[in-house]
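[1] for reference, the sequence and a predicted model appear below.
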Amino acid sequence: KAGVTQTPRYLIKTRGQQVTLSCSPISGHRSVSWYQQTPGQGLQFLFEYFSETQRNKGNFPGRFSGRQFSNSRSEMNVSTLELGDSALYLCASSLGAGVDGYTFGSGTRLTVV
Amino acid sequence: QKEVEQNSGPLSVPEGAIASLNCTYSDRVSQSFFWYRQYSGKSPELIMSIYSNGDKEDGRFTAQLNKASQYVSLLIRDSQPSDSATYLCAVKNSGNTPLVFGKGTRLSVIA
């Protein structure tokens, strides 16, 4: 059974640019959550999608957005990149409400220069 | 603001000893509790889940939950150098709420 797949693995972008990250969940998982991980702040919740609907949203500016497609694949977009957006972006999938836990992908390492 | 607190460490234990990792949470209605292990440069990996008060054992790992004290812990018996990693505590309410993580405790097992 394939795991959670995130692409690309690494990205280098310039301030002011925008970026789109992709996440394919485990087959059958309908919930996809996104997290930002930095050394100082740990894992911070960005948003969660279930059946193409945003179910929860964390405390991030509107520059961060996401969506989910009918096949449960999800994308997140960050516009007008800032140096502080440099982080590891992790996607996690779960069957439904997540009570059985979440499985993480390998992450996308974003560096903004 | 729902919070999950962990001692950042590093927690250093000798090989073969018991490592004890602790976590407290602020939201009394939390229902599901998880421990993730994250090696440097890797993504978090789920190692234990616990939902009711008491102990849950899986191999060398034991998770302990005390909802009255809002406290969850992870014990690692016979610690090995390969257990050296950051351990993340995560908490979830019932229903459609996000999984909230602590900042993690870095464990170092010394051979």
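    Looks like it arrived, so ask away.
[2] how near is the closest residue to B:Glu15 other than its chain neighbours to chain A?
    Counting by CB to CB, 6 or more residues apart in numbering or on different chains, B:Glu15 lies nearest to B:Ala111, which is 5.0 Å off, once chain neighbours are set aside. Quick note: C-beta positions are derived from backbone N, CA and C, even for glycine. Look at B:Ala111 and chain A: by CB to the nearest CB, to the nearest Å, they are 26 Å apart.
[3] roughly how far does B:Ala111 sit from B:Ile76?
    15 Å (CB to CB, to the nearest Å).
[4] contacts (any at all) between chain A and stretch B:63-75?
    No: Stretch B:63-75 does not reach chain A (CB under 8 Å from any CB of the partner chain); its nearest approach is 12.3 Å.
[5] quick one: mean pLDDT for that stretch?
    In this model, stretch B:63-75 has a mean pLDDT of 96.
[6] repeat for stretch B:34-54
    Mean predicted confidence for stretch B:34-54 is 96.
[7] residues contacting the residue nearest to A:Thr38 when sequence neighbours are not counted?
    Nearest non-adjacent residue to A:Thr38, counting by CB to CB, 6+ apart: A:Ala87, 4.7 Å away. Residues in contact with A:Ala87 (CB atoms under 8 Å, 6 or more residues apart in numbering or on different chains) are A:Gln36, A:Gln37, A:Thr38, A:Leu110.
[8] of those, closest to A:Arg55?
    The shortest approach to A:Arg55 among the contacts of A:Ala87 belongs to A:Gln36, at 17.8 Å (CB to CB).
[9] where's that closest one, which helix or strand?
    strand A:31-38 (DSSP states H and E).
[10] alpha carbons only: can I get the following helix or strand past that strand in CSV?
    Going down the chain from strand A:31-38, the next helix or strand is strand A:42-50, by DSSP H and E. The C-alpha atoms that make up strand A:42-50 are tabulated as CSV, following Å, rounded to 0.1, in the frame of the first residue of the first chain:
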residue,chain,number,x,y,z
GLY,A,42,7.5,22.9,16.0
LEU,A,43,4.5,21.5,14.0
GLN,A,44,1.9,24.1,13.3
PHE,A,45,-1.4,23.3,11.8
LEU,A,46,-2.3,25.0,8.6
PHE,A,47,-5.6,23.4,7.4
GLU,A,48,-7.5,20.2,6.9
TYR,A,49,-9.6,19.1,4.0
PHE,A,50,-12.2,16.3,3.9
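[11] doesn't A:Ser72 belong to a helix?
    No: going by DSSP: H, G, I helix; E, B strand; the rest coil, the assignment for A:Ser72 is coil, not a helix.
[12] contacting residues around A:Ser22?
    Listed by CB under 8 Å, 6+ apart, the contact set of A:Ser22 reads A:Gln6, A:Thr7, A:Arg73, A:Ser74, A:Glu75.
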